[in-house]
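[1] Build me a model:
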Amino acid sequence: MSGRYDDIHRRSLADPDAFWGEAAEHIHWFRRWDRVLDHDRPPFTRWFVGGETNIAYNALDRHVAAGRGDQAALLYESPVTNTELRLTYRQLRDRVALFAGALAAKGVVKGDRVVIYMPMVPEAVVAMLACVRLGAIHSVVFGGFAANELATRIDDARPKLIVSASCGIEGQKVIPYKPLLDAAIDKASHKPDACIILQRSMEKAALKPGRDTDWQEAVAAAKPADCVPVKATDPSYILYTSGTTGIPKGVVRDTGGHMVALRWSMENIYAMKPGEVWWTASDVGWVVGHSYIVYAPLLHGLTTILYEGKPVGTPDAAAFWRVIAKHGAVALFTAPTAFRAIRKEDPEGSLIGQHDLSEFRTLFLAGERCDPNTLEWAEEKLGVPVIDHWWQTETGWPICANCMGIERFPVKPGSATKPVPGWNVQVVDAHAQPVKRGEIGALVMKLPLPPGSLQTLWHNDAGFEKSYMSDYPGHYKTGDAGYIDEDGYVFVMSRTDDIINVAGHRLSTGAMEEVLARHPDVAECAVIGVADALKGQLPLGMMVLKAGVSRPHEEIAREVVQMVREAIGPVAAFKTALVVDRLPKTRSGKILRGTMQKIADGESYRMPATIDDPAILSEIGGRLNDAGYPQKE
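    Numbers count the residues shown, from 1 in each chain. Have a look, this model is predicted:
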C-alpha cells in the first residue's frame, strides 16, 4: 500500500507538466506560461516557457499587497558587532526599491551583471533583491575571497557594477574588503563601470573618485524603482562553484523554475507556514544562503533570520540556542560541521537547557554528509526531529530529504531519506548500468531535472555538458557515491573521488568516518586514501578530539583502528589514525579531504579558493610529516 509520499513522487515523474504547473499557481505571473516543460534539446531544460514574472515582486511586493506588510520579513542578528535590526515586508520592499533605483541611476538594466561582495549584513540581502527587481543578474562572491579569485569571477561574469562593503568580520577579526576589491579589479581584464561601497563603522574604506560611491549617498540620491517583468527562462543569478581544473564554474539559475521549486520546498520539505520564523545559519555567498536565507523564506511569506556570527565563539557554544529562543524560530537549517563544533565545546549539551526552545520543532542539516553520531547527539539533546538532507550548489534545492510537509519517515542515521518529488535518483556503475539495491555506485539523476536546478554554466554550454552530462548519458552526474537500500532510502557516502581502492576492494571513506565518529572522545574526523605501493591505497584517519580530552592520543588511535576492524573488517586495512588540532574546511563547512590527500601523497595542490584558514594546511602537512608521510617510492 503506497503512502502519500509515494503517490506524490510517482506523479511528479510521470506528469511533470501537471505537477509543476499546479505548484506554479502559488507564484505571481505578469504573463502566464505557454509551456511548463521544454526538454526538446536535452540535456538542456527550460521551465515555464513564455511566462513573465519577477522574483522581488513575489518575495516582497506580493505580500505587502496581500496585507502582510507589517509582518517581520528579516531579523538581523550580529553578535560580532552587537547589532540587530527588524525589517517588515514593507520596510524591506522600500529599501530594495530604493537601492534598485540607485543601481538604475548607475546604468544597470535588465540582463546586466552585478557582482555582490558583501558580509552578512541586511544590505547584502537588499542588493540581491534589488538586482532581481531590475532583472539584472547578480553574482554573490563570498566576502573576503582572495583578490585573484574575485578577479576570475569578475572576468567571467563581466559585471557592469560591483556592490561591496568596507569590511567584514570573521569571529573577532575585522577583514578589510576594499583593498581586496581594488586588487581584484586591478588584476581583472574586465573593469566595472562603478562600485557602490557600504561603509561600516569598524573600518572605513578609501573611495576611488569617479568609480566608487558611498552606499548611503547612492541611496539618498535615488528614486524607488518598480519591478521589471522578466522571462521565466531568464537567468536570475550566477553562483560560482569550484571546478576540477581550478577554474570556477558559473552555475546559472533561472527565474521562474527557481521560484516555483523553492516556494514548494518550504511548504512540502520543511513544513513551514507563512508567518513563522525560519533560520538558515549559512552565508549568502553560498547556495544555501541564496535559496534558504533569502529567496525561499520570503517567497513563502516567512520571517527569515540573517546571522553574522559563528556557532561557537560569538560569544560561546550557546549562540544558536540564544537566537532560536529570542526570535521563536521553529526550524533551523545549518551544516553538520556547526553541530560538531558545538558538541566539541559543549559535549553534554548543558548550554541548551539554559534557553527556551519550546517553539523549536525541526533541525535540518546539509552541506556535507552528517555522520550518524552527530545526528544522534543532536536528536538526544534537542528532542526534535533531526533531518539530514542532500543537495548541491548546482541543484539549488534538496535532491533527497525527509519531506516533513508530505509524509514523515523514520530517520535512518547516515541517510538523507528518500528522493524529493521531481528528482529521479539512480545508482549506476562506471558503464551507466544500474547496480543492485545496497551496492555502492555513482549517484545520478535521470533527465529532465526538475525546476530550480542549474540551466547551464555561464557562457559555457560545452562545459556544462562535459562536467555534468557526458559521463552518464541521459543523466546528471552528481559526483557523489552512495547506495539505495531496500526501503528506498538514499545513502550518500562520499564524493566519487573519496571512494578508495584498497587491494581491489572499493571502500567508502564515509563509512569509515562513521565508525571514528562513534568514539566518545572524537569531535569530528576525516578519512582519506593515501597512495600505497602494495595495495594501491590505504585509509588514513584524522581526528579532532572533544574539549577536555586528555587521554594519550596513541591509545585513542588504537581504539578507533580496532573499531573500524570490527565494523568494516580487515579488508579496510585501516591501521593509522592521527590526532590533529583542526581539519581544513571551506567556509561553508566542507572538509577538504582531497587537498589533505594530495598533501599526504606528496603531490602539488592548488590552494582551495574557499578555504576558511590556509594556515591549517601547513599544520596538517607538519602532522603528516611527523607521522612519516608522504611515503613515496
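[2] Look up the pLDDT of D497 for me, please.
    Per-residue confidence at D497 stands at 62 (pLDDT).
[3] ugh, wrong one, I meant T595
    We have a pLDDT of 88 for T595.
[4] for G67, same thing?
    The model's pLDDT for G67 equals 97.
[5] which SS class is it?
    helix (DSSP: H, G, I helix; E, B strand; the rest coil).
[6] per-domain residue ranges of this protein.
    Under the assignment automatic domain parsing, the domains of the chain span 4-309+389-473, 506-626.
[7] Of all those domains, which one comes closest to C370?
    Comparing these against C370 with CB to CB, the closest turns out to be domain 4-309+389-473 (7.9 Å). Placement of C-beta: from N, CA and C, glycine included.
[8] so how far is the closest one from its chain's centroid?
    Mean C-alpha position of domain 4-309+389-473 versus that of the full chain (CA atoms, centre = their mean, to the nearest Å) differs by 10 Å.
[9] mind checking the end-to-end distance for that domain?
    31 Å (CA to CA, to the nearest Å).
[10] if we can go back for a sec, least reliable of the domains of the chain by average pLDDT, please.
    domain 506-626 (a mean of 87).
[11] Burial-wise, tell me which of the domains of the chain comes out on top.
    domain 4-309+389-473 (a mean of 20; mean count of other CB atoms under 10 Å).
[12] Quick check: next helix or strand after the helix or strand hosting G257?
    Assignment of secondary structure by DSSP states H and E places G257 within helix 256-268. On the C-terminal side of helix 256-268, the closest following helix or strand by DSSP H and E is strand 277-280.
[13] which secondary structure elements does that following strand contact?
    strand 303-307, helix 319-327, strand 331-334 (3 or more CB pairs under 8 Å, 6 or more residues apart in numbering; DSSP states H and E).
[14] can you redo those as CSV with distance to E22?
    Conversion of the helices and strands packed on strand 277-280 to CSV gives the following (distance: least, CB to CB, whole Å):
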stretch, distance to E22
strand 303-307, 25
helix 319-327, 33
strand 331-334, 25
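[15] ok so, going back, closest one to S350 among the domains of the chain?
    Of the domains of the chain, nearest to S350 by CB to CB is domain 506-626, at 12.3 Å.
[16] starting at the chain centroid, how far to the closest one?
    23 Å.
[17] can I get the CA coordinates of the host helix or strand of E555 in PDB?
    Counting by DSSP H and E, the element that carries E555 is helix 553-567. Taking C-alpha atoms only, helix 553-567 is exported to PDB below (Å, rounded to 0.1, in the frame of the first residue of the first chain):
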ATOM      1  CA  HIS A 553      46.500  10.100  21.600                       C
ATOM      2  CA  GLU A 554      48.100   6.700  20.800                       C
ATOM      3  CA  GLU A 555      45.500   5.000  23.000                       C
ATOM      4  CA  ILE A 556      42.600   6.600  21.200                       C
ATOM      5  CA  ALA A 557      44.100   5.800  17.800                       C
ATOM      6  CA  ARG A 558      44.400   2.100  18.800                       C
ATOM      7  CA  GLU A 559      40.800   2.100  19.800                       C
ATOM      8  CA  VAL A 560      39.400   3.600  16.600                       C
ATOM      9  CA  VAL A 561      41.600   1.200  14.500                       C
ATOM     10  CA  GLN A 562      40.000  -1.700  16.300                       C
ATOM     11  CA  MET A 563      36.500  -0.200  15.900                       C
ATOM     12  CA  VAL A 564      37.000   0.000  12.100                       C
ATOM     13  CA  ARG A 565      38.300  -3.500  12.000                       C
ATOM     14  CA  GLU A 566      35.200  -4.800  13.900                       C
ATOM     15  CA  ALA A 567      32.700  -2.700  11.900                       C
END
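[18] I'd like the next helix or strand past that helix.
    Counting by DSSP H and E, what follows helix 553-567 is strand 576-579.
[19] Against which helices or strands is whichever helix or strand comes after that next one packed?
    Next along the chain after strand 576-579, taking DSSP H and E as the criterion, comes helix 593-600. Helices and strands touching helix 593-600, by 3+ CB pairs under 8 Å, 6+ apart, are strand 522-532, helix 615-626.
[20] In CSV, list those along with distance to Y117.
    Converted to CSV, those look like this (distance: least, CB to CB, whole Å):
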stretch, distance to Y117
strand 522-532, 30
helix 615-626, 23
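[21] Helix, strand, or coil at L98?
    Here L98 is helix, with the state taken from three-state DSSP.
[22] swap in D480?
    Per three-state DSSP, D480 ends up strand.
[23] Report the contact partners of it.
    Contact partners of D480, counting by CB atoms under 8 Å, 6 or more residues apart in numbering, are W390, A442, L443, V492, M493, S494, R495, T496.
[24] Got phi/psi on the second one?
    By that I understand A442. phi -80, psi 130 (degrees, to the nearest 10).
[25] okay, K632: pLDDT?
    45.
[26] so what's F99 closest to, chain neighbours aside?
    A130 (4.2 Å; CB to CB, 6 or more residues apart in numbering).
[27] and the one you found, what are its phi and psi?
    Torsion angles, degrees, to the nearest 10, at A130: phi -70, psi -40.
[28] A100 is in contact with that one, correct?
    Yes - under the criterion of CB atoms under 8 Å, A130 makes contact with A100 at 4.0 Å.
[29] any residues in contact with both of the two?
    Listed contacts common to A130 and A100 are A56, A225; contacts here mean CB under 8 Å, 6+ apart.
[30] in the stretch 51-200 of the chain, which spans are strands?
    Under the criterion DSSP state E, counting those that start in this stretch, the stretch 51-200 of the chain contains strands at 52-53, 72-78, 83-88, 113-117, 137-140, 161-165, 167-170, 173-176, 194-198.
[31] and of these, who's closest to A526?
    strand 167-170 (22.4 Å).
[32] Now do the contacts for the closest residue to C525 other than its chain neighbours.
    Nearest residue to C525, sequence neighbours excluded (CB to CB, 6+ apart): L516, at 4.2 Å. Taking CB under 8 Å, 6+ apart, we find L516 in contact with V522, C525, V527, G541, M543, V560, M563, V564, A577.
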